[in-house]
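Trainee: all I have is the shape, not the residue letters:
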């Protein structure tokens, strides 16, 4: 379908396609060699560059059986390249249930409202998918807090976050983007242990703010989360409570970990902040686990607490 007159910019063209096209599950064109040619070219591309992930911007795999054939071939190639280890990922959107054990479901600029049984991912960008000077001028980039809070919410639901930082035509990023990236790197450098290699707990979190579910459901550049919002993951036998902000009184409160809450009947013996083995003062009341945070660890994005004890991850 040709674009109408009056569209002059890439952003306008993208918006028009989003509003009018929206058909991304292509069938196999009748009477052509397009699909077979696509399969051969895609295999050639993978053999040349050996990627770890192939991202299909499709609802389900593209081109019916051809998409399935490619995925099977790609996984087998990965096994050969990596000594019998599978180090390959294929994604698609709105992946049907029969594919979920082999394809990673992708939710573009959105999330899920529950802990997904199979791994999934969200992909988003700190600005638009393509560099836009107006986003720079209008301070329209996502904050580092927005990105980290999204990451915490996604990880607590068995997901991964793929983040894009749009580049200018010369391959560089601007100073505002660089600041966001540096702030993300600073937080991850301190607290990445709560993210990398972690697994969901029995419940993903608590607090007044819930991440939006579905494609294109995310909000604006500022994060809506506060210190009352907590997300939970497990790692190495410990429970990690991702407190998504700094409480005004310096006390983090987690109602799911209250003494009388059946969600976590285990015994809490020790609470620390990642990177510091000093035990933090805490008390477990009938209403909440209350942890006094050291002012020296203050971080406006938030802090992950490591909760140790008998049965805390059961």
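Mentor: The structure has been received and is ready for your questions. The structure presented is a predicted model; accordingly, all values stated were derived computationally and were not measured.

Trainee: ok, now how distant is residue 64 from residue 82?
Mentor: For residue 64, the distance to residue 82 equals 28 Å [Cβ to Cβ, to the nearest Å]. In this view, the C-beta of every residue, glycine as well, is placed from N, C-alpha and C.

Trainee: likewise for residue 247?
Mentor: For residue 247 relative to residue 82 (Cβ to Cβ), the value is 45 Å.

Trainee: okay, those two: which has more neighbours?
Mentor: residue 247 (17 against 13; other Cβ atoms under 10 Å).

Trainee: not counting its neighbours along the chain, what's nearest the more buried one?
Mentor: residue 227 (4.1 Å; Cβ to Cβ, 6 or more residues apart in numbering).

Trainee: need the pLDDT of that neighbour.
Mentor: Per-residue pLDDT puts residue 227 at 96.

Trainee: does it count as helix, strand or coil?
Mentor: coil (DSSP: H, G, I helix; E, B strand; the rest coil).

Trainee: tell me the contacts of it?
Mentor: 243, 244, 245, 246, 247, 248, 252, 302 (Cβ atoms under 8 Å, 6 or more residues apart in numbering).

Trainee: now, which of those residues lie within helices?
Mentor: With helices taken from DSSP state H, there is no overlap with the contacts of residue 227.

Trainee: from these, which two are the most distant?
Mentor: 244 and 248 (14.1 Å; Cβ to Cβ).

Trainee: higher neighbour count, the two?
Mentor: Neighbours per residue (other Cβ under 10 Å) separate residue 244 from residue 248, with residue 244 holding more: 25 against 8.

Trainee: so that one touches residue 226, yeah?
Mentor: Yes: judged on Cβ atoms under 8 Å, residue 244 makes contact with residue 226 at a distance of 6.9 Å.

Trainee: now list whatever residues contact both of those two.
Mentor: With Cβ under 8 Å, 6+ apart as the test, residue 244 and residue 226 both reach 207, 209.

Trainee: for residue 78, see how far away the residue nearest to residue 247 is.
Mentor: 42 Å.

Trainee: likewise for residue 34?
Mentor: Distance from residue 34 to residue 78, by Cβ to Cβ: 26 Å.

Trainee: between these two, who's got more neighbours?
Mentor: Each of residue 34 and residue 78 has its neighbours counted (other Cβ under 10 Å); residue 78 has more, 19 against 14.

Trainee: need the contact list for residue 231.
Mentor: Taking Cβ under 8 Å, 6+ apart, one finds 152, 153, 155, 156, 204, 205, 241, 242, 244 in contact with residue 231.

Trainee: the third one: neighbour count?
Mentor: In terms of burial, residue 155 registers 23 neighbours under the definition other Cβ under 10 Å.

Trainee: now the helix or strand harbouring residue 72, how far from the chain's geometric center?
Mentor: Here residue 72 sits within helix 65-81, counting by DSSP states H and E. Centroid separation for helix 65-81 versus its chain: 25 Å, with Cα atoms, centre = their mean, to the nearest Å.

Trainee: begin at 29 from now on, thanks
Mentor: Yes, from this point I'll number from 29; that puts the last item at helix 93-109.

Trainee: what pairs with the helix or strand that that helix is followed by, parallel or antiparallel?
Mentor: For helix 93-109, the succeeding helix or strand toward the C-terminus, using DSSP H and E, is strand 117-121. If you go by DSSP bridges, strand 117-121 pairs up with strand 81-87 (parallel), strand 132-136 (parallel).

Trainee: pLDDT averaged over the longest one - what is it?
Mentor: Per-residue pLDDT over strand 81-87 has a mean of 93.
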